[in-house]
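Asker: Would you be able to build a 3D model of this:
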Amino acid sequence: MRGHRRSLMLLLLPGLVLLLAGFLVPALIMLLAPPDTTTGEVLARLARMLTDPYDLTIIGRTLGLGLIVTVTCVVLGFPIAYLLARSQSRWAGVLLAVAIFPLLLSNVVRTFGWLVVLGSQGAVGQTLVALGIVDEAPQLLYTPLAIVLGLVQLFLPLAVVSCYSALAQVDASLDEAARGLGAGRARTFWTIVVPLSWPGVVVAATLVFAGSITAYTTPYLLGGSRQRMLSTQLFQYSSSTIDWAAASATAMIMTVLVFGVAALSSVMGRRARTS
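Answerer: All right, here's what the predicted structure looks like:
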């Protein structure tokens, strides 16, 4: 037994060393001691950001949009994953590939499509004008709605894959057994399928939320300077104003948010497995 554990540790050692040297140490240096900046300056800037109304607005917007995108992706992705997991069609594999195909495309390409659709001369605005709903095409770009639509499109395939992997492990005969005992489809879904696949839902929500609050390209292109998020603010601090203390403080807030959500999802996953 001890020899087995020792072998496992030896196998894990190269990866742990690479993770420590290539990720953790550089990340800590950038967070706590960036170029020409002391740790005290970073912490002082962090304290100012947590009390400044402008920065708090950006933090609140990032959290709010992240939660909206997460809920939307899970609500839309879970039924799709359920239908794919329970499908007996020979095309089920093809449909799954189609569902996750957007992951193979560049974020810039997918986001650029929304610039065309939501622009003042885009399909949505021109359709509203043609139907007589509005006299002039509304400005849909550079709004929270545009950011949410772009991020949902970006991360919905990820939610589908995460939920599908959990639903595929739920034996379909349990559905039939529940219905055989008199439970309807809705009751079977909520009392059998959802609880057994809950760990996959938690993983999907965690990945989508972490990706949403750290995404840069989509909020930058669809939100512009009007709808700043932590990711776009971080880019401005590190490339335009060259304020390393503010950049490190912003990165620290984003890191805490991501790890906080990961810890919460871990607790929820353990409770789901033990209940």
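Asker: buried set for the helix or strand encompassing Ser248?
Answerer: Per DSSP states H and E, Ser248 falls inside helix 244-274. For helix 244-274, a neighbour-count test (16 or more other CB atoms under 10 Å) marks 244-254, 257-258, 261, 265, 268-269, 272 as buried. Using the backbone N, CA and C atoms, a C-beta is placed for each residue, glycine as well.
Asker: Run the chain-centre distance for stretch 124-140.
Answerer: 31 Å (CA atoms, centre = their mean, to the nearest Å).
Asker: Show me the helices in the stretch 51-200 of the chain, by range?
Answerer: Under the criterion DSSP state H, counting those that start in this stretch, the stretch 51-200 of the chain contains helices at 53-86, 92-100, 107-118, 123-130, 144-167, 172-180, 185-188, 194-214.
Asker: Would you format those helices as a markdown table with mean pLDDT, distance to Glu41 and mean neighbour count included?
Answerer: Listed next are those as a markdown table, based on pLDDT from 0 to 100; distance: least, CB to CB, whole Å; neighbours: other CB atoms under 10 Å:
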| stretch | mean pLDDT | distance to Glu41 | mean neighbour count |
| --- | --- | --- | --- |
| helix 53-86 | 92 | 16 | 18 |
| helix 92-100 | 79 | 44 | 14 |
| helix 107-118 | 82 | 33 | 15 |
| helix 123-130 | 78 | 46 | 14 |
| helix 144-167 | 91 | 31 | 22 |
| helix 172-180 | 73 | 58 | 13 |
| helix 185-188 | 76 | 57 | 12 |
| helix 194-214 | 88 | 24 | 21 |
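Asker: Kindly reformat the ones you listed as a markdown table containing distance to Gly22.
Answerer: Compiled in a markdown table, the helices of the stretch 51-200 of the chain are given as follows (distance: least, CB to CB, whole Å):
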| stretch | distance to Gly22 |
| --- | --- |
| helix 53-86 | 27 |
| helix 92-100 | 28 |
| helix 107-118 | 24 |
| helix 123-130 | 44 |
| helix 144-167 | 24 |
| helix 172-180 | 43 |
| helix 185-188 | 47 |
| helix 194-214 | 19 |
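Asker: Looking at those helices, which is nearest to Ile29?
Answerer: Ile29 lies closest to helix 194-214 among those, at 19.2 Å (CB to CB).
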